[in-house]
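>>> Structure for the following, please:
(4 chains)
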Number of protein chains: 2
Amino acid sequence: MRLAELSASTGVSVATLKYYLREGLLQPGAVVSKTQADYDESHVERVRLVRALSEVGGLPLATIGQVLEIITAPGHDWIDVLRAAQRSLVKPLGDNGFGATDGRGRARAWVDKRGWLIEPDDPFLDELDRAWAASDAGGIGFDEDRLDRYADHVEGIARVDVSTVPEEQEAAIRQVIIGTILVDPVLAALRRLAQQHVSRSQADQA
Amino acid sequence: MRLAELSASTGVSVATLKYYLREGLLQPGAVVSKTQADYDESHVERVRLVRALSEVGGLPLATIGQVLEIITAPGHDWIDVLRAAQRSLVKPLGDNGFGATDGRGRARAWVDKRGWLIEPDDPFLDELDRAWAASDAGGIGFDEDRLDRYADHVEGIARVDVSTVPEEQEAAIRQVIIGTILVDPVLAALRRLAQQHVSRSQADQA
DNA sequence: CATATTGGGGAGCGTTACTATCCGACGTCA
DNA sequence: TGACGTCGGATAGTAACGCTCCCCAATATG
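Numbers count the residues shown, from 1 in each chain, chains lettered A, B, ... in the order given. Model prediction:
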């Protein structure tokens, strides 16, 4: 398969594919001659994955590069990979206000109270702090009780996540990383739809 | 409060505040003289909200402008506002591959089967299609069964969402919009933490 | 052999979210 | 009253991102 054909079967322009090659997001094809390279199904898959992570996942291409590296790299220990992968997804935000002043460490305390087993330096504690503080800044009442009620349901989601992880090492890594990134938008869309369903059925009852 | 003080109490640079004023994201202060304008608490809140929506919600400033307009505008009917607000959040993506070929309308069929009451032209059906197709592109097995299991839990989240909406019109609109946008990151962070907790407790059991 | 196409590479472009600079009016304190 | 610093407003510049355009020489193709 030549570059133009790869372009045809992925719907991505040749120019963009060249760009991805330059950026190392797409592995080079087998060089046949100086003006011919051969691409196969694995390249098609890779391109589709890059587009999915970019368009739906909203990740910058640089981050996608890191993610692909982790997926491609030889196997590590199961839970370490999950953490490494998740770390690569944390936005490198400086301390710009949220959580810096009022709510610092609230997440840590809440997680402890709930009895979740989380490493003390987990970057997602900061993420939770930031997001929680932002919700406060939005002026909607977001207390621990509400967070607990969310957490009850999110635990169920996490159990689904974990239960669907395959046994095999490489597939597991892929599942964890891709699943973490790409399933978020699915859940967000589901939440919007469910909100409408719930509020509509309540309105019908009333 | 002068612009410099507004800057001090929000942590946002004067230059950026001027930019927000130009873009209409921040309402002008009361003009005291040609070189003096007066800002109050409402301006501080507004700036914090803009930053929250931008940094944590990840919304482009143009969209934030629309959202603020909806919040500020006089009251509409309760469920219409929810839909209008949600519509303003759908990324204006063209049909770039995902969902265009294989999975088109899968979401619609699934929603019907589940018995959710959703308008046929709801934009989030497309979102779900896209996100679902992207997960497929990621090569993780994402079938209807798994989606159903997620949906069971997401329904619970939506019930929390709906139950926390206040009675009063204006507060309700604010809650729905801000809550929809800013709670997503909270749930995402919770999901990451819950994944670790769940996989860790399973490992401990084994 | 003539022509078209290919892959590679550099430079340019449009958008987004600021940031820096300039300016003239104004408050302020001596 | 006057020197001086600061204010708000406007214009232009910048950095990152994600492409997209164009050129080139080599090669595939008829």
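
>>> Show me the helices in chain A, by range?
A:3-10, A:14-23, A:41-51, A:61-72, A:78-87, A:106-114, A:123-137, A:144-163, A:169-205 (DSSP state H).

>>> Find the one among these with the highest mean neighbour count.
Ranked by average neighbour count under the criterion mean count of other Cβ atoms under 10 Å in any protein chain shown, those are headed by helix A:123-137 at a mean of 24. The way it works is simple: take the backbone N, C-alpha and C, and place the C-beta from them, glycine included.

>>> quick one on the thing from earlier: and the helices of chain A as JSON lines, adding distance to B:Glu170 and mean pLDDT?
Converted to JSON lines, these look like this (distance: least, Cβ to Cβ, whole Å; pLDDT from 0 to 100):
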{"stretch": "helix A:3-10", "distance to B:Glu170": "47", "mean pLDDT": "93"}
{"stretch": "helix A:14-23", "distance to B:Glu170": "46", "mean pLDDT": "95"}
{"stretch": "helix A:41-51", "distance to B:Glu170": "41", "mean pLDDT": "94"}
{"stretch": "helix A:61-72", "distance to B:Glu170": "39", "mean pLDDT": "88"}
{"stretch": "helix A:78-87", "distance to B:Glu170": "38", "mean pLDDT": "66"}
{"stretch": "helix A:106-114", "distance to B:Glu170": "28", "mean pLDDT": "94"}
{"stretch": "helix A:123-137", "distance to B:Glu170": "18", "mean pLDDT": "90"}
{"stretch": "helix A:144-163", "distance to B:Glu170": "20", "mean pLDDT": "96"}
{"stretch": "helix A:169-205", "distance to B:Glu170": "17", "mean pLDDT": "87"}
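
>>> Those: which one's closest to DNA strand C?
Taking Cβ to the nearest atom of the strand as the measure, the helices of chain A were each checked against DNA strand C, and helix A:3-10 came out nearest at 3.0 Å.

>>> Any part of that closest one near DNA strand D?
No: in this structure, helix A:3-10 remains apart from DNA strand D according to Cβ under 7 Å from any atom of the strand; the gap is never smaller than 10.5 Å.

>>> returning to that earlier point: make TSV out of the helices of chain A and add distance to B:Gln205.
Below are these laid out as TSV (distance: least, Cβ to Cβ, whole Å):
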stretch	distance to B:Gln205
helix A:3-10	43
helix A:14-23	43
helix A:41-51	33
helix A:61-72	27
helix A:78-87	14
helix A:106-114	19
helix A:123-137	23
helix A:144-163	12
helix A:169-205	18
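
>>> and those as JSON lines, adding distance to DNA strand C?
Compiled in JSON lines, the helices of chain A are given as follows (distance: least, Cβ to the nearest atom of the strand, whole Å):
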{"stretch": "helix A:3-10", "distance to DNA strand C": "3"}
{"stretch": "helix A:14-23", "distance to DNA strand C": "5"}
{"stretch": "helix A:41-51", "distance to DNA strand C": "11"}
{"stretch": "helix A:61-72", "distance to DNA strand C": "12"}
{"stretch": "helix A:78-87", "distance to DNA strand C": "24"}
{"stretch": "helix A:106-114", "distance to DNA strand C": "24"}
{"stretch": "helix A:123-137", "distance to DNA strand C": "14"}
{"stretch": "helix A:144-163", "distance to DNA strand C": "27"}
{"stretch": "helix A:169-205", "distance to DNA strand C": "19"}
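
>>> A:Pro120 contacts A:Ala107, correct?
No: if you go by Cβ atoms under 8 Å, A:Pro120 and A:Ala107 don't touch, sitting 11.3 Å apart.

>>> Contacts only, for A:Ala131.
In this structure, A:Ala131 makes contact with B:Val56, B:Leu182, B:Pro185, B:Val186, B:Ala188, B:Ala189, judged by Cβ atoms under 8 Å, 6 or more residues apart in numbering or on different chains.

>>> nearest to A:Gln169, of those residues?
Using Cβ to Cβ, B:Ala188 is the member of the contacts of A:Ala131 that sits closest to A:Gln169, with 25.8 Å.

>>> By proximity to DNA strand D, which residue of chain A wins?
A:Ser33 (3.0 Å).

>>> and that residue, how many neighbours?
A:Ser33 sits with 6 neighbouring residues when counted by other Cβ atoms under 10 Å in any protein chain shown.
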